[in-house]
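>>> sequence unknown, structure follows:
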């Protein structure tokens, strides 16, 4: 192993350690009693979890998070997979401009359009509703689905589709008998990666949601930035709920998809 | 890979020779067609433009029932575009396609009722060989039992009966292309379209499957439109050749007509005339049984050749007019001085051993490179006297019309 | 339809303009056919929920709540030194974050570009900060980096003394690197992985050692990708938001551009003012994107085939 490789691996190990420490500390905090200083809290307790369930609306936020996640994934797949297919297969005037517009929502940070979108939602009377939370989260999710779908479509030999048509399949049977089975891995990857992203999406939900329609991340941010001060253990317990959901989602998504491949198309 | 081919040793397929031609009327009629049998399929004035560049220009093409027509040309000549237009996979810019008196160019591909074999097989990767072959009958509305029967029959026909349950990824290239052929035959098509079906296979398999296609064509009474850039494939399979050049028809005719009497230097380049030169007319010749001859000068060397193309019918060109001269390597005789006809001095530069004969690259006194095939012993660096029968030197009007573009040309140059 | 007879148009010739056929044919030839309807749902969604709100935001930004002319919101933002300086503070944070993230991620992605045992686990750990987002990263940082946190306990035990890492510029900086680096790493791994190993093998047969192969082959091929990743990282870091509040000094050193947006929208419900600042921010981001991508395309015209994507 060369020196540069050694330094690189050492840096990687330090970074991984840091990430683990940052996330691990939340887990320790949630399970610990009082922890003013020192390496570990004084004694363990499940009290924070009990209180999180009883008082902070974690249960409600979990349900909202789940509802939003499923709805956003469903809507994004329905709109995004056909679009990804068309963009992968077809050439038409203005294609690159359209592609840019369709992908802009994930190139630009969410906060650049979050407040305008929130203002519009309040203007049309949807402000604070679950519908609004779902709709705004579709905006960055849809381009992600398109981005993941395109390379999967490109892997399918176009002659296979030609063959299906020549042998008598109309558009509907071309989709149901040939394309859907061939694209299923890509669609699954897109769905799970999108779900994970929606779970962690903060800015858009933050500006549009109301107390009843907050996702878990927004609830946690509320608790963290509360000037009155919510006990660190309590917010940590809330966060652990979120972490469990996200880690499960992430592990599942990595089984389906190579994130490098998916993200490098960004 | 070829060792896995189930057909090795079954050449000739004696048991299958007697198979009766398919009863076309018995099969379900593909939607969009009006009767079960056609007499001719015609493209009339078909053009296809990509933006401002044409891929096909005013092409007329006819395929009669029972014909095997090969579309021949280098890459980019429009042959695959023509096939895709015929299949309905690409829209026409102008022109029409007729099946007898029915116009079919506005029909989507799924309603034209053709069978098609693709260059890269295009098997459905998620379906077994059998399900691939069943696909067409299934789209035609065949019941489960019927399509299983048709699939079994078609797979048997390409000698893959034992491979029905394999996925494409479990089959070799040659086997995959056999499945693709079975899939095209299972729909009992009026016309089978083939888009360079052999070009992805290695040399031995290519020859084997070529014979197989010919056998199926003869036994089943098929009508085939076949696209290829390989003259050997076209000559050995087709009942009629159509040579395309830059989207236009250059020459059409029976294989032996085109082979012995190419209409242009371009076609000659395809038909084994590996030596193509630019030259000038130097003098009028005389009438011979095969046409008029003329004297030409190529790089300072005087040759007498047979006027061909436009020059054969119109008046021979005036001295100085540019011409293209085409000579087959096997028509150059390595011999001694003092005979009849064209005689040249040359030096053998590169000598390749090809088994029964040698391929020699010789440089003439005038500096041109001449490809020669001979069964005589020739060593590199040896001084040669070359002799060419004037009737074997073809002279076409116009310069630079030679060298059919593209390195794809002439895989079968030397046969 | 099958039997309509159209008059034959005259034969076209090379060099002519393409002949004018039926409109449907001409469009189909250019790829415009019913297949494009597949794009419709996505176009409607992005049009209604991204393009239109964006234009709506621009339009309300010129209709200030307090009156005072259409440009009042912009005048107020640029008129106040405190607000105006948030642009500088954003750049002071975003540029170092993007530089550090890409500088650290590049060698890492290069070393890990090929498959190796445990790569999946490394990718998983690196994906975590992206998945959890900056809110959770900031939360975890309080325990790790606070004055009585693990890092200070460690440096105290090693005799290096204690430092204040959070609730100042560095807190937000660290949070930014923690979330930007993994993203840069994953993108870069794609770029490096997309460079065919045969190129390095070819260089090796021509006598190039490890260092020469990296500096002369791999890096030049990956450079456009690195610029792309830097640009995306910079734009991402430009919008640092929760960590500026949670582990930064939101009134002072980390009063970045997102905070006046947040204050106007969330605390004052003044959406026109928030939109005006968001428009300013968008313009700056688009300028960064356009300039950096133009620089990339100018510098690396020949190496475009190096990376994928």
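Happy to help now that I have it. Please read all numbers here as calculations on a predicted model, not as lab measurements.

>>> ok and the residue in the stretch 1-150 of chain C nearest chain A?
residue C:57 (2.7 Å; Cβ to the nearest Cβ). All C-beta atoms are positioned from the backbone trio N, CA, C, and that covers glycine.

>>> ok, now chain B?
For chain B, Cβ to the nearest Cβ, closest residue to chain A: residue B:139, 3.0 Å.

>>> if I read this right, that residue contacts residue A:168, doesn't it?
Yes: between residue B:139 and residue A:168 a contact is recorded at 3.0 Å, counting by Cβ atoms under 8 Å.

>>> Pull up the overlap in contacts between the two.
residue B:110 (Cβ atoms under 8 Å, 6 or more residues apart in numbering or on different chains).

>>> Spell out the secondary structure type for residue A:191.
helix (DSSP: H, G, I helix; E, B strand; the rest coil).

>>> dump the residue contacts of residue 78.
No chain in the question, so chain A it is. Contacts of residue A:78 (Cβ under 8 Å, 6+ apart): residue C:41.

>>> not what I meant, chain B
Neighbours of residue B:78 in contact, by Cβ under 8 Å, 6+ apart: B:48, B:55, B:56, B:57, B:59, B:244, B:246, B:247, B:248.

>>> got it, and residue B:240?
Applying Cβ under 8 Å, 6+ apart, the residues near residue B:240 are B:67, B:68, B:69, B:70, B:252, B:253, B:254, B:255.

>>> tell me the phi and psi of it?
phi -150, psi 140 (degrees, to the nearest 10).

>>> cool, the one 10 residues further on as well?
Recorded main-chain torsions at residue B:250 are phi -100, psi -40, according to degrees, to the nearest 10.

>>> any idea of the pLDDT on residue 12?
If you meant another chain, say so; for now it's chain A. Per-residue pLDDT puts residue A:12 at 83.

>>> um, chain C though
46.

>>> ok, now the one 4 residues further on?
At residue C:16, the model reports a pLDDT of 52.

>>> Find the residue at the geometric middle of chain C.
What sits nearest the mean C-alpha location of chain C, by Cα atoms, centre = their mean, is residue C:232, with 2.7 Å.

>>> so that one is in which element?
Secondary structure from DSSP states H and E places residue C:232 in helix C:219-238.

>>> and what of residue A:217?
Element membership for residue A:217 (DSSP H and E) is helix A:216-225.

>>> Please look at residue C:139 and residue A:239 and confirm they touch.
Yes: here residue C:139 reaches residue A:239: they are 5.9 Å apart, a contact under Cβ under 8 Å.

>>> shared neighbours of these two, anything?
Here residue C:139 and residue A:239 have A:26, A:220 as joint contacts, going by Cβ under 8 Å, 6+ apart.

>>> Next up, the contacts around residue 46.
Since you didn't name a chain, this refers to chain A. residue A:31.

>>> switch to chain C, that's the one I care about
Residue C:46 touches A:101, A:102, A:105, A:139, A:142, A:143, counting by Cβ under 8 Å, 6+ apart.

>>> Those residues into a markdown table, with extra columns for pLDDT and secondary structure?
Converted to a markdown table, those look like this (pLDDT from 0 to 100; DSSP: H, G, I helix; E, B strand; the rest coil):
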| residue | pLDDT | secondary structure |
| --- | --- | --- |
| A:101 | 93 | helix |
| A:102 | 94 | helix |
| A:105 | 93 | helix |
| A:139 | 96 | helix |
| A:142 | 96 | helix |
| A:143 | 94 | helix |
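
>>> Phi first, then psi, for the residue of chain B closest to chain A.
phi -70, psi -30.

>>> same check, this time on residue C:294
The phi/psi pair for residue C:294 (degrees, to the nearest 10) is phi -70, psi -40.

>>> So what's the residue count around it?
Close neighbours of residue C:294, defined as other Cβ atoms under 10 Å in any protein chain shown, add up to 10.

>>> Kindly report the same for residue C:216.
Using other Cβ under 10 Å: residue C:216 sits among 12 other residues.

>>> May I have the secondary structure class of the closest residue to it other than its chain neighbours?
Excluding its sequence neighbours, the residue lying closest to residue C:216 (Cβ to Cβ, 6 or more residues apart in numbering or on different chains) is residue C:208, at 6.4 Å. On the three-state scheme (three-state DSSP), residue C:208 is labelled coil.

>>> Tell me the spacing between residue C:208 and residue B:72.
For residue C:208, the distance to residue B:72 equals 46 Å [Cβ to Cβ, to the nearest Å].

>>> same check, this time on residue B:266
For residue B:266 relative to residue B:72 (Cβ to Cβ), the value is 11 Å.

>>> okay, and the common contacts of those two?
In contact with both residue B:266 and residue B:72: residue B:243, using Cβ under 8 Å, 6+ apart.

>>> So for the two, which sits in the more crowded spot?
More crowded of residue B:266 and residue B:72, by other Cβ under 10 Å: residue B:72, with 32 against 27.

>>> hang on, the earlier thing: could you point out the helix or strand that follows the helix holding residue A:217?
Next along the chain from helix A:216-225, counting by DSSP H and E, comes helix A:232-256.

>>> got the angle between that next one and helix A:216-225?
150 degrees (axes from the mean of the first three to the mean of the last three Cα atoms, to 10 degrees).

>>> close to chain C, is helix A:232-256?
Yes: using Cβ under 8 Å from any Cβ of the partner chain, helix A:232-256 reaches chain C at A:232, A:235, A:236, A:239, A:242, A:243, A:246, A:247, A:249, A:250, A:251, A:254.

>>> For the residue of the stretch 1-150 of chain C closest to chain A, give me its contacts.
A:113, A:115, A:116, A:117, A:119, A:120, C:275, C:278, C:279.

>>> what's the single longest strand in chain B?
strand B:275-288 (DSSP state E).

>>> ok, the residue in the stretch 1-150 of chain A positioned nearest to chain C to residue A:108 distance?
Distance from chain C to each residue of the stretch 1-150 of chain A (Cβ to the nearest Cβ) is smallest for residue A:116, at 2.7 Å. Applying Cβ to Cβ, the value for residue A:116 to residue A:108 is 12 Å.

>>> who's more crowded, the two?
Per other Cβ under 10 Å, whichever of residue A:116 and residue A:108 has more neighbours is residue A:116, with 28 against 22.

>>> Not counting sequence-adjacent ones, nearest residue to the residue nearest the centre of chain B?
Nearest to the geometric centre of chain B sits residue B:234, at 2.9 Å (Cα atoms, centre = their mean). Leaving aside its sequence neighbours, residue B:234 sits nearest to residue B:70 (Cβ to Cβ, 6+ apart; 3.9 Å).

>>> what helix or strand does that neighbour sit in?
Using DSSP H and E, residue B:70 falls in strand B:68-72.

>>> How many neighbouring residues does the residue of the stretch 101-250 of chain C found nearest chain A have?
For the stretch 101-250 of chain C, the nearest residue to chain A under the criterion Cβ to the nearest Cβ is residue C:190, separated by 2.3 Å. Residue C:190 has 25 neighbouring residues, counting by other Cβ under 10 Å.
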